[in-house]
Each structure stands twice: as structure tokens, then as C-alpha cells.
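*Asks:* My questions are about this predicted structure, shown below with the sequence.
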Amino acid sequence: MQSFSELAQSVIFRRKGSKLVLSEKADELQFIGNGRSAVVFRVGTTNKVLKVFLPPFIHIAKEEAEIYKALGEQPFYPKFYEVGPNYLVIDYIEGHTLFNCLLKGVTIEWKHIKEIDYALILAKTNGLNPSDIHLRNIFITPNGSIKIIDVARFRQRKTCSQWSDLKKAYSKYYQHKLFPKKVPAFFLNLIAFLYKKSFLQSFFTNRLRM
Ligand SMILES: Nc1ncnc2c1ncn2[C@@H]1O[C@H](COP(=O)(O)OP(=O)(O)O)[C@@H](O)[C@H]1O
Ligand SMILES: [Mg+2]
């Protein structure tokens with residue numbers, strides 16, 4: 001098997017309009033997801049993933065690695081193995097992100113919400129400030145426990161209310177007996193978009209008091 005560094009070097013992006021898209025990669029790398037800053041691959045048949053950052057975001061690799069080190073080995077976060085100039089190697093997480101749970105109708109239980117709360121408190125006790133906690137960064141694994149990924153913003157200073165807003169929406173809407181347990185992707189993406197643009201901020205502050 002090639003080294004993680006060689007595998008990361010095999011990943012080439014090309015420009016398509018205003019976006020950077022994946023253009024080449026080693027056969028051993030199996031695409032499993034992407035976000036705003038990186039593309040993530042499962043490495044061969046291992047239980048490891050290689051997170052390769054897009055050229056404008058490569059500085060995040062070191063920051064995210066430092067945060068995984070600060071978290072230490074905890075059951076709620078993937079294990080960290082290696083960092084390079086533009087990549088990270090962490091555990092592969094099986095299961096569904098909360099986003100996929102909503103798409104597929106997999107029930108998100110109150111015990112999962114409590115476990116996420118606990119995982120975030122643990123991060124705080126390690127001196128971190130959990131931020132960017134959204135539906136695509138939290139997994140429910142096949143044994144029903146939770147894992148949080150994408151910890152790159154856990155050292156930011158400003159307060160992030162994303163998780164407390166999600167919890168309010170969970171109590172007020174998701175737990176309502178008439179709320180559909182399966183939600184179309186366009187609707188979830190629309191809510192995420194409006195939230196990011198702060199259009200829903202007053203709604204969360206005024207309407208969703210807990
Ligand atoms: N360790 C992992 N195991 C399984 N899937 C993962 C893992 N890390 C990331 N992914 C998938 O890749 C997507 C993008 O990864 P993420 O770390 O959130 O990138 P970004 O920092 O660009 O947001 C995630 O939403 C998830 O679907
Ligand atoms: Mg992400």
C-alpha cells in the first residue's frame with residue numbers, strides 16, 4: 001500500500017467555473033464525502049479515512065490535527081492517526097450522519113441528543129469551544145452511539161449557537177407526533193442555507209424558546 005502522504009499527493013483538483021472539483025485520485029481511495037473545505041476518502045479496505053483539503057484550505061489540516069490531539073482518545077470522536085501538509089488520517093465512521101437519518105427516516109432519539117451534549121461537554125473540559133456542530137458532522141453508528149467529526153472550528157473564540165438551535169428544533173418540531181420522520185433533501189438544504197444566511201436567527205431566538 002502507498003503511504004498516506006503518497007495517497008494524498010495522488011488527489012488532484014481542477015477548476016470548474018468558480019468551484020474546485022476532484023479530477024484524479026489513486027484507485028485505493030474510495031470517495032465517501034465532501035464538505036466546504038475537503039474531500040474525504042476511505043483508504044482501501046482499512047477502517048481509516050484520508051481527508052484531503054482543497055488548496056485554499058490546506059492550513060486547516062494542522063489546526064484540525066491539533067484539536068484531535070487536544071480531544072485525546074474519546075469514544076465520541078474518530079481516532080486521529082496522521083497529519084500532513086494538506087491531509088489528515090482518522091478513523092472511518094460507519095453509520096448515518098444526522099442529515100442522512102432525516103433523509104432516510106432513521107429515528108434520532110433523545111438519548112442521541114443527550115450523548116451529543118455529553119460529547120460536547122467533554123470537549124469543553126479539554127479547553128475547546130465546540131463550533132460548527134451541524135447535521136452533516138454528527139453520526140449515529142450501527143450500535144446506536146454517536147460520533148462527531150470535522151472538529152476544525154473547536155478552537156474558535158466566538159460563541160456558536162448552532163447546536164443549541166438544533167436542539168430546540170428537535171424538541172419543538174422533530175418530537176412532534178405530526179412531524180414527518182423522513183424529510184426531502186431540498187427542504188433540509190433550504191433550511192441549512194437560510195440558517196447560514198442568518199434569515200432564521202430571529203425565528204430561533206423568538207419562536208423556539210425552551
Ligand atoms: N471519518 C469519517 N468517516 C466517515 N465519513 C466521513 C468521515 N469524515 C468525513 N466523512 C464524510 O465526509 C463529509 C465531509 O467531511 P468533513 O470532515 O465534514 O469535511 P469539511 O471539513 O469540508 O466539512 C462528511 O459530512 C461525511 O459525510
Ligand atoms: Mg463538515
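*Replies:* Happy to help now that I have it. Numbering: from 1, shown residues only. Ligands and ions are numbered 1, 2, ... in the order given.

*Asks:* do stretch 104-120 and ligand 1 meet at all?
*Replies:* No: Stretch 104-120 lies out of reach of ligand 1 by C-beta under 6 Å from any ligand atom, never closer than 13.4 Å. All C-beta atoms are positioned from the backbone trio N, CA, C, and that covers glycine.

*Asks:* mean confidence for that stretch?
*Replies:* Stretch 104-120 comes out with an average pLDDT of 96.

*Asks:* May I see the buried residues of that stretch?
*Replies:* Of all the residues in stretch 104-120, those buried under the rule 16 or more other C-beta atoms under 10 Å are I108, H112, I113, E115, I116, A119, L120.

*Asks:* For the fourth one, which residues are in contact?
*Replies:* Going by C-beta atoms under 8 Å, 6 or more residues apart in numbering, E115 touches F76, S145, I146.

*Asks:* what about this protein, any weak spots by pLDDT?
*Replies:* 199-210 (pLDDT under 70).

*Asks:* domain parsing for it?
*Replies:* Domain segmentation of the chain under automatic domain parsing yields 15-91, 96-195.

*Asks:* re the thing from before, could the buried residues of stretch 104-120 go into TSV alongside distance to Y195 and secondary structure?
*Replies:* Listed next are the buried residues of stretch 104-120 as TSV, based on distance: C-beta to C-beta, whole Å; DSSP: H, G, I helix; E, B strand; the rest coil:
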residue	distance to Y195	secondary structure
I108	18	coil
H112	20	helix
I113	18	helix
E115	23	helix
I116	18	helix
A119	22	helix
L120	19	helix
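
*Asks:* out of these, who's nearest S171?
*Replies:* I113 (8.5 Å; C-beta to C-beta).

*Asks:* Can you get me a residue count around P130?
*Replies:* Other residues near P130 number 22, with proximity taken as other C-beta atoms under 10 Å.
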